[in-house]
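Got a sequence here, can you build the structure:
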Amino acid sequence: MITRKLSAGDTVEAQCTRCRALLNHTIVAMVEGRVVRVECNTCRGVHNYRPAAAPKAPAAGPKAPAAATSGRKSEPAPRKAKKDPGAADREEWESLSPTMEQERASAYDMNGKYRVNGLVQHPVFGLGVVKQVIKPNKMEVLFQAGKKLLRCQ
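Residues are numbered from 1 along each chain as shown. The predicted structure follows:
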């Protein structure tokens with residue numbers, strides 16, 4: 001079999017950076033016999049040559065007794081359940097709710113002024129505790145449904 005040296009203008013397979021696929025490219029520039037720049041024959045994008053990635057070899061290590069010889073893939077480990085992001089908020093709500101006096105809660109008003117640990121009665125979310133006042137004009141309130149960011153003065 002005769003192998004021909006590559007030169008500018010020849011076609012090679014390369015990873016296209018624009019198409020993100022392995023496609024035919026035309027060689028644009030070479031340095032010391034190496035392909036350096038190519039032009040994609042599909043999108044006409046010119047970029048550095050990225051050769052086709054070689055398939056990865058399996059890691060050398062101790063062989064599994066039956067799984068490697070039978071040709072079957074081993075079962076993947078079961079996924080761990082992600083920690084519920086609202087769980088901490090619900091726990092905090094449960095610890096604060098017995099001490100809340102609903103009569104002391106002020107009705108929520110976007111133009112009202114509020115203090116940290118003050119009680120707020122919201123028409124949609126219900127009773128809540130002001131956890132943080134954030135400038136400008138925002139506050140974080142803990143409701144039974146979770147934390148909400150509300151407008152205030």
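
Name the next helix or strand downstream of the worst-scoring helix or strand of the chain on mean pLDDT, please.
In the chain, the helix or strand scored least confidently by mean pLDDT, DSSP states H and E is helix 67-70, which has a mean of 50. Counting by DSSP states H and E, the element after helix 67-70 in chain order, helix or strand, is helix 87-96.

Report the distance from that following helix to the chain centre.
Centre-to-centre, helix 87-96 and its host chain are 27 Å apart (Cα atoms, centre = their mean, to the nearest Å).

same deal with stretch 25-37?
36 Å.

Show me the domain layout of the protein.
Domains of the chain are assigned by automatic domain parsing as 11-48, 87-151.

Please render those as TSV that adds mean pLDDT, distance to residue 75 and mean neighbour count to the earlier fields.
Where C-beta positions appear, they are placed from N, C-alpha and C, glycine not excepted. Listed next are the domains of the chain as TSV, based on pLDDT from 0 to 100; distance: least, Cβ to Cβ, whole Å; neighbours: other Cβ atoms under 10 Å:
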stretch	mean pLDDT	distance to residue 75	mean neighbour count
domain 11-48	93	31	14
domain 87-151	90	29	14
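
Would you mind measuring from the residue nearest in space to the middle of the chain to residue 89?
Centroid-nearest residue in the chain, with Cα atoms, centre = their mean: residue 82, separated by 14.4 Å. From residue 82 across to residue 89, the span is 16 Å (Cβ to Cβ, to the nearest Å).
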